[in-house]
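**Student:** Show me the folded form of this:
(2 chains)
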Amino acid sequence: MPEIIRVDEISKYDGQEVTVQGWVYNRTDKGKLVFLLVRDGTGFVQCVAFKGDLDEKIFDQLMRLPQESAVIITGPVRADKRAPGVPGGYEIGVKKIEIVQTADADYPMSLKDHGVDFALDNRHLWIRMPSQWAILRVRSTVMAATREWLDNNGFIAMDTPILTPAAAEGTTTLFETEYFDEGKAYLAQTGQLYNEANIFAFGKVYCFGPTFRAEKSKTRRHLTEFWMLEPEMAFCDLDGLMEIEEQMVTHIVQRVLRDRKPELLSLGRDLTKLENIKAPFPRISYDDAAKMIGELREKETDPEKKELLKFDWGIDFGAPHETAITNQFDKPVFCYGYPTAVKAFYMEPWPGRPEVCKSVDLLAPEGYGEICGGSERISDHDLLLKRIHEQKLPESAFKWYLELRKYGSVPHSGFGMGVERVTSWICGIEHIREAIAFPRTIKRVYP
RNA sequence: UCCUCGCUAGCUCAACGGCAGAGCGGGCGGCUGUUAACCGCUAGGUUCGAGGUUCAAAUCCUCGGCGAGGAGCCA
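**Tutor:** Okay, the predicted model is just below:
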């Protein structure tokens, strides 16, 4: 019995007879010869059937086998430069074929382009297409590399609750649900506050799970349900935070380059742009970024773009500002020291400059913008209480959070990383919705 | 919430006031090296909905529906 192999390892089997289990992605018939492009979940491989080699009845079935039919094919592996596929360069001569299921002929996804709405309505089928398959394989590796780096660097995985009692950051819109006799509960938009409790037990922790934001955002960078990694570290200041971020992001990019090269190439990604992503990353203060934006605005000749770059000290950067800054670098860039007024209540003030805080965003190059956002947290009890009052947050909800500052409080820091944003950047794709299997947006909860 | 754009065959689009069309996909046939194969034949329409202007509306106008891109907010 020939071995059942994975297509992504086909190069190891050159000259041997093997079996692949998969689905017919495309078929081209040439009279007395048929090409079947078969995908098995790990890759795409061309299988070639000659009329003379097979039973006439079986060959006739192959000639009219619909796209997506399930098959088990056995035959010899041959290196052939003409053979398409991922990884490609090898084909299988069909000696034996079992048709597990003949697909209906009305499969709706064609091999040509589809509109966004149609593709998303058929997301359960779209994920079979090579581009979507490649993106989601990269996503899986992004997640694995993230955990790998954290686990190897002394972090403890601490999952935080998804059902939470109140708004963590006040303003952002929450998804609401009934919670038995306890009133309302809300889907978590961050695990950070819980992780600030966890560090005093475990030192360095992370949570990694789905996050929910009921914001009415309608852009290529937003989902209502997305996956966020949130590390939090005791005895860590802003500089320590940036070091951890750049080491981790470097590891993620380099591991994807190592393990997912065929997928990146099939997406048409320029690998040289990724090979360059190595720590240290440039660091620029909000003040200097503001100056840079001013200079770039002066040089901008397009009046429409000039208007978008309008900027006064004190406002947060919008997407056009971030793009302008990141275009000056070929690596992700840290932008730190944002105005306190535009950031969350728990961020540590800059020593001697209370109008700015020890916050940092990591902005990805090529216009991808913010992939990580974090800060050093306020460690002083009275200052934190003052901030909660200023923001008119309910003190009772933060009782436990304030208590953390009474029993062994230390400087500590943390950040959040959006998995879909990182995946989009690494893949070089236009829209974040393709970086998750079943995206949830303001206009879509199906399928 | 605001601004802009779109909706025609299963899909991607054309027709822009005068007979509703093409490519892909489907069906039938041909072809021993295809690369989103190619060639021939063929079936397939409530032009998003309602109302209006007109001899005549997919096309112009009004209202509505649905969607997309962007802004704000953020990962």
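
**Student:** Run a quick neighbour tally on residue A:30.
**Tutor:** When counting by other CB atoms under 10 Å, one arrives at 11 neighbours for residue A:30. Where C-beta positions appear, they are placed from N, C-alpha and C, glycine not excepted.

**Student:** go on, the one 5 residues further on?
**Tutor:** When counting by other CB under 10 Å, one arrives at 17 neighbours for residue A:35.

**Student:** Buried residues, the helix or strand it falls within. List them.
**Tutor:** Per DSSP states H and E, residue A:35 falls inside strand A:33-39. Neighbour-count burial for strand A:33-39 flags A:34-39 (criterion: 16 or more other CB atoms under 10 Å).

**Student:** so which of those are also by RNA strand B?
**Tutor:** When contact is defined as CB under 7 Å from any atom of the strand, the buried residues of strand A:33-39 meet RNA strand B at residue A:35.

**Student:** Any stretches of chain A with poor pLDDT?
**Tutor:** For chain A, the stretches flagged by pLDDT under 70 are A:166-172.

**Student:** Got the domain ranges for it?
**Tutor:** A:3-101, A:124-282+A:329-435 (automatic domain parsing).

**Student:** can I get these in a markdown table with distance to residue A:295?
**Tutor:** As requested, the domains of chain A are exported to a markdown table (distance: least, CB to CB, whole Å):
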| stretch | distance to residue A:295 |
| --- | --- |
| domain A:3-101 | 44 |
| domain A:124-282+A:329-435 | 15 |
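
**Student:** partner residues bridging residue A:417?
**Tutor:** Bridge pairing for residue A:417 (DSSP bridges) gives the partners residue A:229, residue A:372.

**Student:** who's in contact with it?
**Tutor:** Counting by CB atoms under 8 Å, 6 or more residues apart in numbering, residue A:417 touches A:146, A:228-230, A:245, A:248-249, A:371-372.

**Student:** Now with 7 Å, please.
**Tutor:** Listed by CB atoms under 7 Å, 6 or more residues apart in numbering, the contact partners of residue A:417 are A:228-229, A:371-372.

**Student:** wait, doesn't residue A:421 sit right on residue A:371?
**Tutor:** Yes: if you go by CB atoms under 7 Å, residue A:421 and residue A:371 touch, sitting 4.8 Å apart.

**Student:** can you pull out the helices in chain A?
**Tutor:** In chain A, the segments counted as helices under DSSP state H are A:56-63, A:116-121, A:123-126, A:130-151, A:192-202, A:238-259, A:261-266, A:271-275, A:286-299, A:303-308, A:319-326, A:381-390, A:399-403, A:419-427.

**Student:** Just the buried positions in the second one, please.
**Tutor:** So that's helix A:116-121. A:119-121.

**Student:** burial of the nearest residue to residue A:265 once chain neighbours are set aside, as a residue count?
**Tutor:** In space, residue A:265 comes closest to residue A:271 once its chain neighbours are excluded; the distance is 7.4 Å by CB to CB, 6 or more residues apart in numbering. Look at residue A:271: counted by other CB under 10 Å, it has 11 neighbours.

**Student:** what does residue A:11 give?
**Tutor:** For residue A:11, using other CB under 10 Å, the count is 11.

**Student:** Tell me the bridge partners for the closest residue to it other than its chain neighbours.
**Tutor:** Distance criterion CB to CB, 6+ apart; nearest residue to residue A:11, sequence neighbours excluded, is residue A:90 at 6.3 Å. Beta-bridge pairing for residue A:90 (DSSP bridges): residue A:79.

**Student:** contacting residues for residue A:255?
**Tutor:** Counted by CB under 7 Å, 6+ apart, residue A:255 has contacts A:141, A:145.

**Student:** Closest residue of the stretch 201-350 of chain A to RNA strand B?
**Tutor:** residue A:318 (2.3 Å; CB to the nearest atom of the strand).

**Student:** I'd like the distance from the closest residue to that residue other than its chain neighbours to residue A:221, if you could.
**Tutor:** Leaving aside its sequence neighbours, residue A:318 sits nearest to residue A:308 (CB to CB, 6+ apart; 7.6 Å). Applying CB to CB, to the nearest Å, the value for residue A:308 to residue A:221 is 16 Å.

**Student:** hang on, the earlier thing: now the residue nearest to residue A:265: how far from residue A:392?
**Tutor:** Counting by CB to CB, the gap from residue A:271 to residue A:392 is 50 Å.

**Student:** now swap in residue A:198 and tell me
**Tutor:** 27 Å.

**Student:** more neighbours, the two?
**Tutor:** residue A:198 (21 against 8).

**Student:** May I ask you to name the longest strand in chain A?
**Tutor:** In chain A, with assignment by DSSP state E, the single longest strand is strand A:17-29.

**Student:** Distance from that one to the middle of the chain?
**Tutor:** How far strand A:17-29 lies from its chain's middle: 30 Å, per CA atoms, centre = their mean, to the nearest Å.

**Student:** and for stretch A:404-411, what are the contacting residues?
**Tutor:** Applying CB under 7 Å, 6+ apart, the external contacts of stretch A:404-411 come out as A:196-197, A:200, A:234-237, A:376, A:379-381, A:384.
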